[in-house]
Every structure is written in structure tokens, then in C-alpha cells.
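>>> need coordinates for the below:
(2 chains)
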Protein chains: 2
Amino acid sequence: MSTTEGRLGIIAGGGALPLLLAQVAPDALMLAAEGTACGLPEAALTRFRFEKMGGLFETLRAGGVTRVVMAGAIDRPKFDISQADPVFMELAPQLMAVMQAGGDDALLRFVITVFEEQGFAVVGAHDLLPQLTAPVGLVGGPEPSMAMLRDAERGRAILSALSALDVGQGCVVEQGSCLGIETAQGTDALLGYVKATPAGLRRGEGVFCKFPKVGQDLRVDMPAIGPGTLRAAADAGLSCVAIAARKVLLLEADTLPALAQELGLSLIAQDAG
Amino acid sequence: MSTTEGRLGIIAGGGALPLLLAQVAPDALMLAAEGTACGLPEAALTRFRFEKMGGLFETLRAGGVTRVVMAGAIDRPKFDISQADPVFMELAPQLMAVMQAGGDDALLRFVITVFEEQGFAVVGAHDLLPQLTAPVGLVGGPEPSMAMLRDAERGRAILSALSALDVGQGCVVEQGSCLGIETAQGTDALLGYVKATPAGLRRGEGVFCKFPKVGQDLRVDMPAIGPGTLRAAADAGLSCVAIAARKVLLLEADTLPALAQELGLSLIAQDAG
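A predicted model of the protein is given here:
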């Protein structure tokens, strides 16, 4: 099944991404789980429940959807088993096993498989919006120092070591000292933690690194940064944000170079293999 | 050179360990860097400056010291080069290179080497105080659940993956979800971070894991837990503290089983290879 033809279904989560996708694919069918806040107008949305998985697939097919993109953050759902339809019940044992086994990656990979088995192509937001990633090089702000490039490399090594364990897409390194690793609480919490670091442990010229896990399926979970990330990094006293070229989504991409300059933050994209 | 004969020199840092060592080796020569707060009476202490490294070695030799133990936390020193003696000056280029290259492990390994090259045996606090570590098994509190044992194993795998990168001796895992990894800010900061986790990300029965890095030289940097650690773990909503058997120092060891029971916290020691 082609990823460039057929009507697109947007499964919308939080953040700016669903709206950006709706702009490049105005004829897409837009869906969101009940209770999920997303940036799309409610009138344009079809709401669904995960427990009515069979109903969701019917809705997609009835709307002529052949390709699906999952866009934006969706909280790990809590299921109301009394609402479950037969399709959900059939998947339930596998789903529960996957959810109990740990990280979100496994859960998201399972969800992709389910959609594919139902005959839908699952595409990545980055495939639909290539202009929202950066090529290798300086994206904005001042040129990074050699110390920053070294720290970015160390940050990447730390994230790479954790990849197989399904932990972390972000970390902070400052002159060799690791000041934080992103866990379930996300980027903002990490940068707040770095900001609260006692002054005696700070060395200056710190780098926030954002890379996908090695082998991560970007169709379900693509790391993203935006103006808020840059502001939070600067607010945490950091001097550089290093991202994976082509593998990290830039939210409000066109505003980032000027903002990086304004904040005195080197925003660099590195080859991530 | 034997590690069980000859007068002991205690290089005292912060925390309870210097006092415990002084109790088992009452004839030891006790030293502390200027400005370092340690639990030993000032009158019993010989103060030294790192910049007067030659003077320190003379003091040790004049006192008949053949074995040295480094005990307790010492802040990464800032050197006043105008105070440096010839021994320090000779070591300075190597020292600066090691300090710039990154983590504390390399620095501490270098310090050990320097002491050894000067003819001193460097012994570990755990060798002098074997009663301050735990054998494999339940140290105190209720029996851990299977979920806790699984999380402890996952925590150990996370720390093991980071070992080669000189990051982290502690992490928190809760039903498979990693809620924090210890970085330069230390254990209390990590547990405070976990405590601040939004309720929606908590799954209950969480485990704080404390293991030395793989291949870590316990003579210079031995992980430690004490009553404060147990209280902070309980305060962060965790249910279990998992440590490496024989490789983590128990501060106020005799009080920990009762405290674990009081807090409803399973304190377990696992084989760390």
C-alpha cells in the first residue's frame, strides 16, 4: 500500500502537529480519542473510544481512509472494559501484555501493527511534512563551541546506550557532566530539573540533546522541539540545543532560527545515522 | 603492600562515614581538606590543601601512615595555583587533563594512582567495615512483590547500560516506567524529582535502585544509602529500595531494618556480580 495515495486519517493528540497536518492535508479525516485535547476544531473532528476499536476501523473505512498518521501526544489510555467491542476484546490479551511489559515504544509498535493488519498504511508526520525537520548543520543562533560539540556527542552516546532499554530521548550535558536524562515526565520536567541544579555543579555552556532512540519507529513517536523547548533550555542556563538531523520534528519551524539568535542559543542538527 | 597492616590515614569528606571509620580505627591519622565539613572533631583533624600535595604526603609519612582510605563526599576542588607546591605542579598537567575530560570516576582513579605511586596502599571503607554492607536478601521491611523484583532488574539494566559512560548510580523504575536517573545532582535531587511526578504518570509499587557502576572502583566512590535515603524514597511514594549486595554502604546500618518496616518499604540487596 502506497504512503502517498489515498485519503489520510489523522489520529490527533495534543500539541501543534495535528493542525499542521490538517493544513497540508485539508481533505483528511480528523479523529481524536474522547477526552484528548487537540488543536483541531471540535466540529471538524470525529471522536472515538479505544474500547470501540472495531467502530474506529469502520469509521476510517467508511470515510475512504487508506493511510493513517498518528500525530501529537496521547496519554496512555485507561480502558473501560464494559465499553469494549468484539475487535477490542480480541486484541485485549495482547494489548494488556504489551502495556504491562513496560515502555511506550512497545505499546506504540503494537498499535501500528494492529492498524497495518487492518489494511491501513501508517505514515509518519515527518514524511508528510519534511520541511519540519532540519538538515545537518547550524539551524539558528551562534556557532557552537568545540566544548558544546563534544557535549552533544557525549549526550548522543548516553541516549544511544539507553536506547535498547526504551528510556529517554533527551539529556543535558555540560562540560562533560551529565545534568539530567529525560524520563517519563518529559522534556519540560527535565529542563526544570536542570534549572534547579545547585550553582556549584554548573560549569557553563551546557547542551540539551534531543535524539530519537536508535531504531525508534518515527511513525509513532518522533521527538519534537519548538519555541517552548528553546526558551526552557535558555531558562535552564544552557547554551546549545543539539537535535538529530531529519529525525526531530521542529514545531513552529520558521520561528526557531530567530528565536535561537534572540536567546543566544546554538541550535544544531547532527547526523544521527 | 598489605591492606590490613600499618597505620591508617583517613581522608575525611562529608557524611557519617569518617566517624564510623575513626571508631573502628581509633589510632588512624585523620585528615580533611581545608573547607571540607566532616563529622570528625576539629581538634583530632589534620587539615591539608590539595595544592600542597607534597606536604600532604610528608604529613602521612611522618605520621607512619602506610594505608589510606578516602571516606565521604568531597566536592570537586577548585585549585589556587599560587599555593601549589612542586609535587602538585608536576601532577598538574595530568590532573587538569583528567578533570576536563569529564566524569568524577576518572578523577578519582587518577587520585588513587597518585597515592599508590607515592607508596601508599589505598583501601576501601567497605573493606574496613564489612558490617556496613548487606548480603543478598531482604534487609528489612515487607517482602517485595514480583513487580518490584522485575523493576529492580530493569533498574539494574538501565544503570548497567550507563556504566561505561560514567553516569548514574541510581534510578527509579515503577511498573516498567523509568521515572528518573541519578545525575550529578545526586540521590536527594532524583527522589525529589520523582516525588514531583504528575499523578497520571505514577503506577505504584515503584523501586529506587542503587548500584555501583560496573567495574567501579569502590575504594574511591562507593554508593551509600542511609535513613535519609529510605525516608526520601518513601516520601517520593516508592515501595522498594534495591541495592547491590556487598557493594553499597549502609549508613546507620543497624537502624535500617526497623525504619524500612516503619515506612512499609522493602529494602532488598541483590547479587551485583
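>>> so who does the closest residue to A:L218 other than its chain neighbours touch?
Distances taken as Cβ to Cβ, 6 or more residues apart in numbering or on different chains place A:G124 nearest to A:L218, at 4.9 Å, with adjacent residues excluded. Every C-beta, even on glycine, is put in place using the N, C-alpha and C of the backbone. A:G124 makes contacts with A:V69, A:L218, A:R219, A:M222, as judged by Cβ atoms under 8 Å, 6 or more residues apart in numbering or on different chains.
>>> report pLDDT for A:G124.
pLDDT recorded at A:G124 is 89.
>>> same check, this time on A:M1
40.
>>> get me the contact residues on the stretch 51-200 of chain A for chain B.
Proximity of the stretch 51-200 of chain A to chain B, by Cβ under 8 Å from any Cβ of the partner chain, involves residues A:75, A:100-103, A:154, A:157-158, A:161-162, A:164-165, A:167-168, A:175-181, A:183-185, A:189, A:193, A:196-198, A:200.
>>> of all the contacts of A:G124, which comes closest to chain B?
The nearest member of the contacts of A:G124 to chain B, counting by Cβ to the nearest Cβ, is A:M222 at 19.8 Å.
>>> ok so that closest one is a helix residue?
No: applying DSSP: H, G, I helix; E, B strand; the rest coil, one finds A:M222 to be coil, outside a helix.
>>> okay, now it: neighbour count?
Neighbour count of A:M222, defined by other Cβ atoms under 10 Å in any protein chain shown: 22.
>>> contact partners for the spatially closest residue to it that is not a sequence neighbour?
Counting by Cβ to Cβ, 6+ apart, A:L249 is the residue found nearest to A:M222 once chain neighbours are left out, at 5.2 Å. A:L249 is in contact with A:L17, A:A125, A:H126, A:L129, A:L132, A:T133, A:M222, A:P223, A:A224, A:I225, counting by Cβ under 8 Å, 6+ apart.
>>> how much space separates the residue of the stretch 151-273 of chain A found nearest chain B from B:V207?
With Cβ to the nearest Cβ, the shortest gap between the stretch 151-273 of chain A and chain B falls at A:G176, namely 3.2 Å. Using Cβ to Cβ, to the nearest Å, one obtains 29 Å as the distance from A:G176 to B:V207.
>>> out of the two, which sits in the more crowded spot?
Between A:G176 and B:V207, B:V207 has the larger neighbour count (other Cβ under 10 Å), namely 29 against 18.
>>> partners of the more buried one in the sheet?
For B:V207, the beta-bridge partners are B:V173, B:C240 (DSSP bridges).
>>> on that earlier part again, show me how to select, in PyMOL, the buried members of the contacts of A:L249.
This is how PyMOL selects the buried members of those, with burial counted by 16 or more other Cβ atoms under 10 Å in any protein chain shown:
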select buried, chain A and resi 17+125+126+129+132+133+222+223+224+225
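>>> from the contacts of A:L249, which ones fall inside helices?
In this view, these that belong to helices under DSSP state H are A:L17, A:A125, A:H126.
>>> out of these, which is nearest to chain B?
Distances from chain B to the ones in helices among the contacts of A:L249, taken as Cβ to the nearest Cβ, are shortest for A:L17 (20.8 Å).
>>> how about residues contacting stretch A:195-209?
A:145, A:147-148, A:151-152, A:155-156, A:158-159, A:170-177, A:179, A:191, A:194, A:229, A:233, A:235-243, B:75, B:184-185, B:189.
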